[in-house]
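In: Structure for this input, please:
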Amino acid sequence: MAGKRQRLAQRRKASGYTQEQFADALKVDRTTVQRWEKGEVAPQPHQRPKMAKLLELTSGELDELLASDSLPTAPVPAWFVAAMPSTDDEMAAWELSRRVQASDVGAETLARLERSFDDLASAYPVTPPAELLERVRRHSAYVAKLLDARKTLSEYRRLLVVGGWFSLLGATLHIDLKQEHAATARLQAAISLARQAEHPEIEAWCYETDAWRVLTDGDYVKALELSLAAQAVAPAGTSVLIQANAQEGRARARLGHSADTYAAIDRVQKAAAKLGAPDRPREHHYQYDPAKALAYTATTLAWLGDAAAEPFAREVIARLSPSNDVTQWPRRVASANIDLALVLLADNRLDEACNSAQKAILSGRVVPSNHWRALEVVTAVEVRQLPEAPDLREAYEGLKAIEA
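Out: Have a look, this model is predicted:
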């Protein structure tokens, strides 16, 4: 004898309907039919007359069949009249409500995507960009697939937002790998998604990220313009607003705008001081924390030629170095060692400068977009004709070969 929960399915099959055909005839999703037959929920009252007709049952026989399946009744809103609509207008209203609530996405799927983005953004400082990019590509493709699925309006916006974040992270990785065309396409996609979702924070990050790209290419004026554009869009109190100010400081340092550089550093330090401890154990690329302010201050002061960069760089190294194994360093420590090397060279502490530069290069954390920073140190050592110059050049060329 079939189990109670199989009786509805048996009756449907005996009437010549597949689940999909039965769903289409009742204007519901196939998953709804599956849930009826699994006993997870009962048909709504307005659906029962049509269902009885399809199954060639009287209303009483259908009620008995459903009762025997022990189907729990779905909660019915107080405004819902449990009867067949008397007009087409009522049916249209019910159908609109059904369509608005129909979804193949689901809150749990969206939550998992959002958690995955946070995990990838936290993996960014310690993961080779080519490796991380593959994971970002897979997630972005899945978001694109879900955008073609049925979804509620709120789910649609969440998909746009998480898709914007993945596109932004993908653009950052392409920049790190010096893949200019792909980076541009990803940034354009991220801005488009951000604007559709009305999410100015992502849009501001796009300008800030592009500012970093053009800065690495030596276009400091454009980097300054993009940093200011990011600040204009960024919501108050957000990480991107702090980061855009930090990026402005770096661009102004390269342009030799000393007073404006110090003003930007001051704004960043004051804003960062208001932040509490990060809510994640690892650095999140899109969440500012007080330690980031130290790192950006060290770089900005080093580019300005200010010896005050040294204590900031040393503090970053002391705080974030997990061990003496340079391959375990996060990217921020490698950058701090480059900053320290520049300051030490300026102060003629040459042995220590070469040692810091060598460790940064051998760490494997200097990505292609930052090769130029390492090259600045290598070139400065070669100009001084120091005995460490050949070894440093060899390490640098090895770094380029690995990333090629």
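In: pLDDT weak spots in the stretch 151-300 of the chain?
Out: 276-281 (pLDDT under 70).
In: Strands along that one, start to end?
Out: Under the criterion DSSP state E, counting those that start in this stretch, the stretch 151-300 of the chain contains no strands.
In: Mind jotting down where the helices sit in it?
Out: 153-176, 180-196, 200-216, 220-233, 239-255, 258-273, 290-304 (DSSP state H, counting those that start in this stretch).
In: which helices and strands sit right next to the fifth one?
Out: Think helix 239-255. helix 200-216, helix 220-233, helix 258-273, helix 290-304 (3 or more Cβ pairs under 8 Å, 6 or more residues apart in numbering; DSSP states H and E). In this view, the C-beta of every residue, glycine as well, is placed from N, C-alpha and C.
In: same question, the third one
Out: Using 3+ Cβ pairs under 8 Å, 6+ apart as the contact test, the elements touching helix 200-216 are helix 153-176, helix 180-196, helix 220-233, helix 239-255.
In: winner for burial among these?
Out: The highest average neighbour count among those, using mean count of other Cβ atoms under 10 Å, belongs to helix 239-255 at a mean of 25.
In: For A273, find the nearest of the helices and strands packed on helix 200-216.
Out: helix 239-255 (10.6 Å; Cβ to Cβ).
In: could you give the angle of the closest one to helix 290-304?
Out: 10 degrees (axes from the mean of the first three to the mean of the last three Cα atoms, to 10 degrees).
In: How far away from the center of its chain is helix 239-255?
Out: 21 Å (Cα atoms, centre = their mean, to the nearest Å).
In: residues contacting the residue nearest the centre of the chain?
Out: Centroid-nearest residue in the chain: W165, 3.5 Å away (criterion: Cα atoms, centre = their mean). Applying Cβ atoms under 8 Å, 6 or more residues apart in numbering, one finds that W165 lies in contact with F117, A121, A190, I202, Y286.
In: Please pick the buried ones from these.
Out: F117, A121, A190, I202, Y286 (16 or more other Cβ atoms under 10 Å).
In: count of neighbours near the residue nearest to R365 when sequence neighbours are not counted?
Out: Nearest-residue entry for R365: A334, 3.8 Å, with adjacent residues in sequence omitted and distances by Cβ to Cβ, 6 or more residues apart in numbering. The local packing of A334 (other Cβ atoms under 10 Å) involves 26 other residues.
In: The residue nearest to the centre of the chain and P390: what is the separation?
Out: Remark: distance between W165 and P390 (Cβ to Cβ, to the nearest Å) = 44 Å.
In: follow-up on the earlier one: adding distance to R7 as columns, could you present the helices and strands packed on helix 239-255 in TSV?
Out: Formatted as TSV, the helices and strands packed on helix 239-255 follow (distance: least, Cβ to Cβ, whole Å):
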stretch	distance to R7
helix 200-216	51
helix 220-233	59
helix 258-273	65
helix 290-304	62
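In: Run a quick neighbour tally on the closest residue to P330 other than its chain neighbours.
Out: Closest residue in space to P330, ignoring its immediate chain neighbours: P125 at 4.2 Å, by Cβ to Cβ, 6+ apart. Counted with other Cβ under 10 Å, the burial measure for P125 works out to 18 neighbours.
In: what's the answer for the one 3 residues further on, then?
Out: When neighbours are counted by other Cβ under 10 Å, P128 registers 15.
In: Format the CA atom coordinates belonging to the helix or strand harbouring A318 as PDB.
Out: Using DSSP states H and E, A318 sits within helix 309-320. Extracted C-alpha coordinates of helix 309-320, given in PDB (Å, rounded to 0.1, in the frame of the first residue of the first chain):
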ATOM      1  CA  ALA A 309      57.700  56.800   7.300                       C
ATOM      2  CA  GLU A 310      60.100  54.500   9.100                       C
ATOM      3  CA  PRO A 311      58.300  54.000  12.400                       C
ATOM      4  CA  PHE A 312      55.000  53.500  10.500                       C
ATOM      5  CA  ALA A 313      56.500  50.900   8.300                       C
ATOM      6  CA  ARG A 314      58.200  49.100  11.200                       C
ATOM      7  CA  GLU A 315      54.900  49.000  13.200                       C
ATOM      8  CA  VAL A 316      53.100  47.400  10.200                       C
ATOM      9  CA  ILE A 317      55.800  44.800  10.000                       C
ATOM     10  CA  ALA A 318      55.800  44.100  13.700                       C
ATOM     11  CA  ARG A 319      52.000  43.900  13.900                       C
ATOM     12  CA  LEU A 320      51.300  41.800  10.800                       C
END
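In: So what touches that helix?
Out: 291, 294-295, 297-302, 329-330, 332-333, 336-337, 339-340, 342-344.
In: Taking their axis directions, it and helix 258-273 sit at what angle?
Out: If you take the same axes, to 10 degrees, helix 309-320 sits at 20 degrees to helix 258-273.
In: List the buried residues of helix 309-320.
Out: Neighbour count says helix 309-320 has A309, E310, F312, A313, R314, E315, V316, I317, L320 buried, by 16+ other Cβ under 10 Å.
In: ok, now stretch 7-25?
Out: So, applying 16+ other Cβ under 10 Å, buried residues of stretch 7-25: R7, L8, A9, R11, R12, Y17, Q19, F22, A23.
In: mean confidence for it?
Out: Averaged across stretch 7-25, the pLDDT comes to 87.
In: Report how far apart the opening and closing residues of it are.
Out: Stretch 7-25 has its terminal residues 19 Å apart, counting by Cα to Cα, to the nearest Å.
In: Check the offset of it from the chain's centre.
Out: The answer for stretch 7-25 is 43 Å, by Cα atoms, centre = their mean.
In: Residues touching it, excluding its own?
Out: Contacts for stretch 7-25 (Cβ under 8 Å, 6+ apart): 2, 29-30, 32-34, 36-37, 50, 54-57, 65-66, 68-69.
In: Show me which of those are buried.
Out: Among the contacts of stretch 7-25, those buried by neighbour count (16+ other Cβ under 10 Å) are D29, T32, V33, W36, E37, L54, L55, L57, L65, L66, D69.
In: got those residues as JSON lines, with pLDDT columns?
Out: As requested, these are exported to JSON lines (pLDDT from 0 to 100):
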{"residue": "D29", "pLDDT": "79"}
{"residue": "T32", "pLDDT": "82"}
{"residue": "V33", "pLDDT": "86"}
{"residue": "W36", "pLDDT": "82"}
{"residue": "E37", "pLDDT": "83"}
{"residue": "L54", "pLDDT": "90"}
{"residue": "L55", "pLDDT": "89"}
{"residue": "L57", "pLDDT": "86"}
{"residue": "L65", "pLDDT": "78"}
{"residue": "L66", "pLDDT": "76"}
{"residue": "D69", "pLDDT": "49"}
